[in-house]
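A.B. asks: Got a predicted structure plus its sequence, pasted below:
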Amino acid sequence: MGKDRIFAEPFRIKVVEPIKMSTQQERWGNMKDAGYNTFLLKSKDVYIDLLTDSGTSAMSDNQWSGIMIGDEAYAGSENWFALEDAVRDIYGFKYITPTHQGRGAENILSTIMINPGDYVPGNMYFTTTRFHQEKNGATFVDIIIDQAHNSEAEDPFKGNVDLQKLRDLIDRVGAEKIPYVSLAVTVNMAGGQPVSMKNMREVKELCTQHKIPVMYDATRCVENAYFIQQREAGYAAKSVREILKEMFSYADGCTMSGKKDCLVNIGGFLAMNSEELYQKATELVVVYEGMPSYGGMAGRDMEAMARGIYEMVDDAYIKYRISQVQYLGQKLIEAGIPIVRPVGGHAVFLDARRFLEHIPQEQFPAQALAAAIYADGGVRTMERGIVSAGRDKNTGENHQPKLELVRVTIPRRVYTLSHMDVVAECIKNVYTNRQKIKGLKFVYEAPQLRFFTARFKPIVPWEEWEGTV
Ligand code: PM9
């Protein structure tokens with residue numbers, strides 16, 4: 001966003017999808033029926049859906065026209081070659097294995113690279129990523145800078161790796177026990193925070209010295225590239241596309257959830273430069289995903305993704321995308337709402353510890369806050385705190401992340417600035433009524449990735465209040 005300049009969506013709206021307002025009373029009831037878990041709400045009962053930016057993008061007319069030329073041959077679809085070309089062109093890797101979504105790529109990568117007893121360092125955990133690493137016998141080691149765990153620390157590149165932490169791990173366990181470094185650009189669980197180009201270069205240099213591959217989680221790499229353009233010296237005149245190319249020159253491969261940056265509703269891939277690794281990935285993709293020329297995607301989905309990849313690097317689009325998130329963040333900052341600073345790329349993250357100081361972490365304040373926001377304004381958000389962090393695989397004890405957050409996630413090209421105003425009003429009203437929110441306890445907890453399906457009930461009844469819509 002140009003300094004203090006007004007901005008608007010760089011598109012016109014051609015098709016609309018009506019959304020329904022519910023009553024306050026209905027929403028308190030829906031929340032109880034969903035066990036205070038926003039994942040378990042019905043979409044039809046949600047007014048503004050900010051659960052996730054994953055698979056929720058609005059596709060362009062160009063992408064929809066691509067859907068009509070889907071080549072649904074079982075093997076060798078034309079759309080696969082379009083997707084392969086687009087990934088090679090924009091991400092720069094030699095070999096691409098398509099998957100149905102990001103975790104399909106994580107499954108294959110973890111299976112082919114990890115041996116039991118290995119350690120995988122990464123810049124903060126992500127739920128599905130760590131799950132697949134642990135399932136294959138590795139221990140995840142967090143090597144992100146300390147500031148990333150502090151919601152109030154203002155740092156332009158809060159996703160950076162602390163190189164000393166990486167060196168210490170190499171000294172402690174030996175490079176041969178580290179199959180790869182997992183580098184997320186941007187870092188979802190830290191608040192959508194970027195990694196600087198300098199840091200990527202340094203991580204690669206250190207890893208090269210020790211013959212450790214660097215694999216990116218490229219899920220939101222375009223957002224990372226935009227932050228580099230805006231914040232890192234020497235990049236202001238470069239396009240996001242050029243910046244991406246340099247970012248990937250410091251990686252040996254990446255996993256990708258196409259459901260985010262690539263502006264599609266389904267799809268993903270694993271990409272790499274090593275032919276040997278590609279051979280192994282090809283052997284597994286047929287087991288878990290499908291032919292190496294579709295990997296769980298329909299031909300039409302691959303075409304939409306190939307076209308989305310070119311749209312995502314349009315500088316006007318990405319500027320709008322991030323500006324919309326900043327707009328909401330700024331409104332909340334002005335209202336004195338505690339949020340993660342600086343505002344990240346895909347979402348505004350509320351700091352539930354400071355929002356609900358009266359609820360201890362073991363009573364799931366972020367879970368309770370997400371439930372309250374839905375009940376107030378029909379706005380659906382996601383817990384990203386102790387529930388998402390799950391349990392330690394060895395001790396069975398809850399992980400206790402320093403960040404106890406609610407993610408207010410903005411889908412791409414879906415909502416307008418007016419929707420952001422409504423969301424801000426809702427969160428402000430919840431803040432006013434925050435003492436009425438009480439802690440929760442588990443009614444059901446799945447053994448893995450529990451946040452998706454867990455059910456809760458209040459420890460003491462909540463005093464319900466009048467909401468904003
Ligand atoms: N992220 C999100 O809402 C989807 C549901 S929560 C598990 O943020 C990263 C950084 C992600 C991510 C999904 C995946 C997995 C990998 N890395 O959902 O399997 O944010 O396509 O991607 C979600 P898939």
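C.D. replies: Yep, that arrived. Numbering: from 1, shown residues only.

A.B. asks: can you list the residues that contact the host helix or strand of residue 171?
C.D. replies: Using DSSP states H and E, residue 171 maps to helix 163-173. Residues from elsewhere that reach helix 163-173 (CB atoms under 8 Å, 6 or more residues apart in numbering): 119, 121, 141-143, 178, 181, 199, 202-203, 206, 210, 212. Backbone N, C-alpha and C define where each C-beta goes, glycine included.

A.B. asks: pretty sure residue 309 is touching residue 90, no?
C.D. replies: Yes: in this structure, residue 309 is within contact of residue 90 by CB atoms under 8 Å, at 5.3 Å.

A.B. asks: Which residue of these two possesses the greater neighbour count?
C.D. replies: residue 309 (24 against 20; other CB atoms under 10 Å).

A.B. asks: For the nearest residue to residue 358 once chain neighbours are set aside, the count of nearby residues, please.
C.D. replies: Nearest non-adjacent residue to residue 358, counting by CB to CB, 6 or more residues apart in numbering: residue 435, 6.7 Å away. Residue 435: 10 surrounding residues under other CB under 10 Å.

A.B. asks: Residue 435 reaches residue 359, doesn't it?
C.D. replies: No: assessed by CB under 8 Å, residue 435 is found out of contact with residue 359, at 10.2 Å.

A.B. asks: Spit out the contact partners of the residue in the stretch 251-400 of the chain that the ligand sits nearest to.
C.D. replies: Nearest residue of the stretch 251-400 of the chain to the ligand (CB to the nearest ligand atom) works out as residue 257 at 3.2 Å. With contacts taken as CB under 8 Å, 6+ apart, residue 257 has the following neighbours: 54, 101-103, 105, 219, 268.

A.B. asks: do residue 461 as well
C.D. replies: Neighbours of residue 461 in contact, by CB under 8 Å, 6+ apart: residue 438.

A.B. asks: Just the residues contacting stretch 223-234, thanks.
C.D. replies: Residues contacting stretch 223-234 (CB under 8 Å, 6+ apart): 156-157, 159, 185-186, 192, 194-198, 235-236, 238-240, 243-244, 247, 261, 318-319, 321-322, 345-346.

A.B. asks: hmm, which of the residues you listed are the buried ones?
C.D. replies: Buried residues within those, counting neighbours by 16 or more other CB atoms under 10 Å: 157, 159, 185-186, 192, 194-197, 235, 238, 240, 243-244, 247, 261, 318-319, 321-322, 345-346.

A.B. asks: Leaving out the residues flanking it, which one is nearest to the residue positioned nearest the centre of the chain?
C.D. replies: Nearest to the mean C-alpha position of the chain, by CA atoms, centre = their mean, lies residue 188 at 4.5 Å. In space, and not counting its chain neighbours, residue 188 is closest to residue 126: 5.7 Å by CB to CB, 6+ apart.

A.B. asks: can you check residue 389 too?
C.D. replies: residue 399 is the one closest to residue 389 (CB to CB, 6+ apart), at 3.8 Å.

A.B. asks: check contacts around the one you found.
C.D. replies: So residue 399 contacts 386, 389-392 (CB under 8 Å, 6+ apart).

A.B. asks: ok, back up a step: mind checking which of the buried ones among the contacts of stretch 223-234 are in strands?
C.D. replies: The members of the buried ones among the contacts of stretch 223-234 all map outside strands under DSSP state E.

A.B. asks: So which of these would count as near the ligand as well?
C.D. replies: With the criterion set as CB under 6 Å from any ligand atom, no member of those is near the ligand.

A.B. asks: what sits against residue 68?
C.D. replies: Per CB under 8 Å, 6+ apart, neighbours of residue 68: residue 300.

A.B. asks: and the gap between it and residue 62?
C.D. replies: 11 Å (CB to CB, to the nearest Å).

A.B. asks: which parts of the stretch 201-350 of the chain sit against the ligand?
C.D. replies: Residues of the stretch 201-350 of the chain lying near the ligand (CB under 6 Å from any ligand atom): 217, 219, 257, 259, 268.

A.B. asks: Any chance of those residues in a markdown table with pLDDT as columns?
C.D. replies: Output for these, formatted as a markdown table (pLDDT from 0 to 100):
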| residue | pLDDT |
| --- | --- |
| 217 | 98 |
| 219 | 98 |
| 257 | 98 |
| 259 | 98 |
| 268 | 98 |
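
A.B. asks: Show the buried residues in those residues.
C.D. replies: 217, 219, 257, 259, 268.

A.B. asks: which one among those gets closest to residue 13?
C.D. replies: Closest approach to residue 13 among these (CB to CB): residue 259, at 21.7 Å.

A.B. asks: ok so, going back, closest one of the contacts of residue 399 to residue 277?
C.D. replies: residue 390 (28.7 Å).

A.B. asks: got the contact list for the closest residue to residue 67 other than its chain neighbours?
C.D. replies: Nearest non-adjacent residue to residue 67, counting by CB to CB, 6+ apart: residue 300, 4.5 Å away. Contacts for residue 300 were tallied using CB under 8 Å, 6+ apart; they are 66-70, 72, 79.

A.B. asks: related to what we said a few turns ago, surely the residue nearest to the centre of the chain meets residue 128?
C.D. replies: No: when contacts are counted by CB under 8 Å, residue 188 is not listed as touching residue 128 (10.4 Å).

A.B. asks: What segments of the stretch 101-250 of the chain are strands?
C.D. replies: Assigned by DSSP state E, counting those that start in this stretch, the stretch 101-250 of the chain shows strands spanning 119-122, 139-142, 181-184, 214-217.

A.B. asks: Quick check: the residue of the protein nearest the ligand.
C.D. replies: residue 102 (2.5 Å).

A.B. asks: Please indicate which of the contacts of residue 399 are buried?
C.D. replies: 386, 389-390.

A.B. asks: tell me which parts of the stretch 51-200 of the chain are close to the ligand?
C.D. replies: Counting by CB under 6 Å from any ligand atom, the stretch 51-200 of the chain sits next to the ligand at 52, 54, 101-103, 126-129, 184, 188.

A.B. asks: and which of those residues is nearest residue 30?
C.D. replies: Nearest member of those to residue 30, counting by CB to CB, is residue 52, at 18.5 Å.

A.B. asks: Now do the same for the closest one: helix, strand or coil?
C.D. replies: Judged by DSSP: H, G, I helix; E, B strand; the rest coil, the three-state class of residue 52 is coil.

A.B. asks: for the closest residue to it other than its chain neighbours, what are its contacts?
C.D. replies: Nearest residue to residue 52 in three dimensions, chain neighbours excluded: residue 409, at 5.1 Å (CB to CB, 6+ apart). By CB under 8 Å, 6+ apart, residue 409 lies in contact with 50-53, 346-347, 381-382.

A.B. asks: one more time with 10 Å, if that's ok
C.D. replies: Applying CB atoms under 10 Å, 6 or more residues apart in numbering, we find residue 409 in contact with 49-54, 56, 188, 192, 260, 325, 344, 346-349, 380-382, 384.
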